[in-house]
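> the sequence isn't on hand, but the structure is:
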């Protein structure tokens, strides 16, 4: 019945069934090139493809109108386009905000990320009279002298629940990260074993995670490994229903995290978690859609 009414629904319902394959079958079985079900499926396909290849999280009407004839193989009227878009909006397949069109999953992920950041950023700053003396002890501990910016970053990492530390290569981000981890351990009177349970050092790639581990002498992992990605189910085992118990998350190379991965990570963390992003917005962007670190800095 589903195939008879709308064969393109198989793309949503079943993994590893893709638009081009279904479209070929549909056309062979009498679906018209300008049928509404085909136009609507084509619009969703276009938005997904552009998000994956270009990385945008939303599109303008002109872009959709420009790409649509290439996929359909036929030019349709503006009225028919408007009807199909309205039906997709009514069915909550796409979200229309101002002059932007989002895929629903993308819009919900982006909105959730913003809400969590706002929530974390609005939390009251901690006040601890021992902080200045503890930071001075860190300098003796590591045998270094922090500059003004480094001191501010290390202190704020303890007093704030959300912080971004950014700078180009050679600006001391690694030195700061070492100081932050040790300060957190000392301020919370934790052993190194206990620290490993309270803090998560994460990175988008295995190479970046290995570098974090070598720098801090602590365990670090990729975000996928931390969230326990399952190839069998295609889902993360650490998620909104099975949250991580860590209290402080430090993410290095944050410029490389896309919207969907960040959304999954934030859903898997407790509401009162501390979150620190470290990265350079001029470094490699994410492979998936979104440019989170760049946008946050702006």
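Everything's here; your move. Since the structure is predicted, the reported quantities are computational estimates derived from the model, not experimental observations.

> right, and the helix or strand after the strand or helix carrying residue 177?
Assigned by DSSP states H and E, residue 177 belongs to helix 173-187. Under the assignment DSSP H and E, the closest C-terminal helix or strand after helix 173-187 is helix 192-198.

> partner strands of the helix or strand following that following helix, parallel or antiparallel?
Using DSSP H and E, the helix or strand that directly follows helix 192-198 along the chain is strand 199-203. Strand 199-203 has the following sheet partners, assigned by DSSP bridges: strand 220-222 (parallel), strand 248-251 (parallel).

> check the gap between the spatially most central residue of the chain and residue 57 for me.
Central residue of the chain (CA atoms, centre = their mean): residue 262, 2.5 Å from the mean position. Counting by CB to CB, to the nearest Å, the gap from residue 262 to residue 57 is 12 Å. Yep, even glycine has a C-beta here, placed from its N, CA and C like the rest.

> give me the common contacts of these two.
residue 290 (CB atoms under 8 Å, 6 or more residues apart in numbering).

> name the SS class of residue 101, please.
strand (DSSP: H, G, I helix; E, B strand; the rest coil).

> which residues are in contact with it?
Residue 101 makes contacts with 47, 58, 59, 60, 61, 64, 85, 94, 95, as judged by CB under 8 Å, 6+ apart.

> swap in residue 130?
By CB under 8 Å, 6+ apart, the contact set of residue 130 is residue 187.

> likewise for residue 237?
Per CB under 8 Å, 6+ apart, neighbours of residue 237: 227, 228, 229, 230.

> which of these tops the neighbour count?
residue 227 (23 neighbours; other CB atoms under 10 Å).

> measure it to residue 8 for me?
In terms of CB to CB, residue 227 sits 31 Å off from residue 8.

> returning to that earlier point: the residue nearest to the centre of the chain: what secondary structure?
helix.

> that one reaches residue 110, doesn't it?
No: the criterion here is CB atoms under 8 Å, and residue 262 misses it with residue 110 at 9.3 Å.

> mind listing the shared neighbours of the two?
Common neighbours of residue 262 and residue 110 (CB under 8 Å, 6+ apart) are residue 290.
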